[in-house]
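Undergrad: have a look; sequence and predicted model below, questions after that.
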Amino acid sequence: MKIAHGVTAALVATSLVVAGGTAHAARYVPAECSAAQFTGKLEGYENNGYTVFSYSIEKSSVGKRNKANVTVWHGKHKVSTAKGFQDGAWRSLGDIKRPPGGAAIEYRFSFVFDDWGSDPRCSGTIDV
């Protein structure tokens, strides 16, 4: 698995997902990156021909700014938010349709954290 500087990624769990009455195994894959006092966490899994992403942002300082940018993409397909909460809670980001085949896909991701002054950023890859 390709990992960028400051990024960790690993297969954490396999669980049973039931969608449309059909049970299948889902591979949950996490990744994270850090900049300044922020840590951006990303989780992806396969579900019925899509890769579904969730994110969480933790910060060590106290503040009420919650407009981080979180983006995941593969080629011209992407999901993103410009209003990412930075409170440590997990939130849905969206999904990207997978090409046929079932092989792992390398997605790129980036976090631009919302801070006073210059906004710290980090990025990496995740194979789902």
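TA: Noted; the coordinates are in hand.

Undergrad: go ahead and name everything in contact with whatever helix or strand residue 45 lives in.
TA: Under the assignment given by DSSP states H and E, the secondary-structure element containing residue 45 is strand 38-47. The contact list for strand 38-47, computed with CB atoms under 8 Å, 6 or more residues apart in numbering, reads 17, 19, 26-34, 51-60, 68, 70, 72, 86, 90, 93, 95, 98, 107, 109, 111, 113, 115, 120, 122, 126, 128. C-beta here means a position set from N, CA and C on the backbone, and glycine is covered the same way.

Undergrad: could you do stretch 85-104 as well?
TA: The list of residues contacting stretch 85-104 from outside it, by CB under 8 Å, 6+ apart, reads 38, 42-43, 46-47, 49-59, 63, 65-66, 68, 70, 72-74, 77-81, 84, 105, 107, 113-114, 127-128.

Undergrad: before we move on, the earlier item: of the contacts of strand 38-47, which belong to strands?
TA: 17, 19, 26-34, 51-59, 68, 70, 72, 93, 95, 107, 109, 111, 122, 126 (DSSP state E).

Undergrad: specify the beta-bridge partners of the residue most central in space within the chain.
TA: Residue closest to the mean C-alpha point of the chain, counted by CA atoms, centre = their mean, is residue 42 at 2.7 Å. According to DSSP bridges, the partner residues bridging residue 42 are residue 31, residue 55.

Undergrad: try the one 4 residues further on
TA: For residue 46, the beta-bridge assignment (DSSP bridges) gives partners residue 51.

Undergrad: sorry, back to before: would you put the C-alpha positions of the strand holding residue 45 in CSV?
TA: The C-alpha atoms that make up strand 38-47 are tabulated as CSV, following Å, rounded to 0.1, in the frame of the first residue of the first chain:
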residue,chain,number,x,y,z
PHE,A,38,-4.9,19.1,13.2
THR,A,39,-5.3,15.4,12.3
GLY,A,40,-7.6,14.5,9.4
LYS,A,41,-8.9,10.9,9.3
LEU,A,42,-10.5,9.2,6.3
GLU,A,43,-12.2,5.9,6.0
GLY,A,44,-13.3,4.2,2.8
TYR,A,45,-15.1,0.9,2.0
GLU,A,46,-16.7,-0.8,-1.0
ASN,A,47,-20.5,-1.0,-1.2
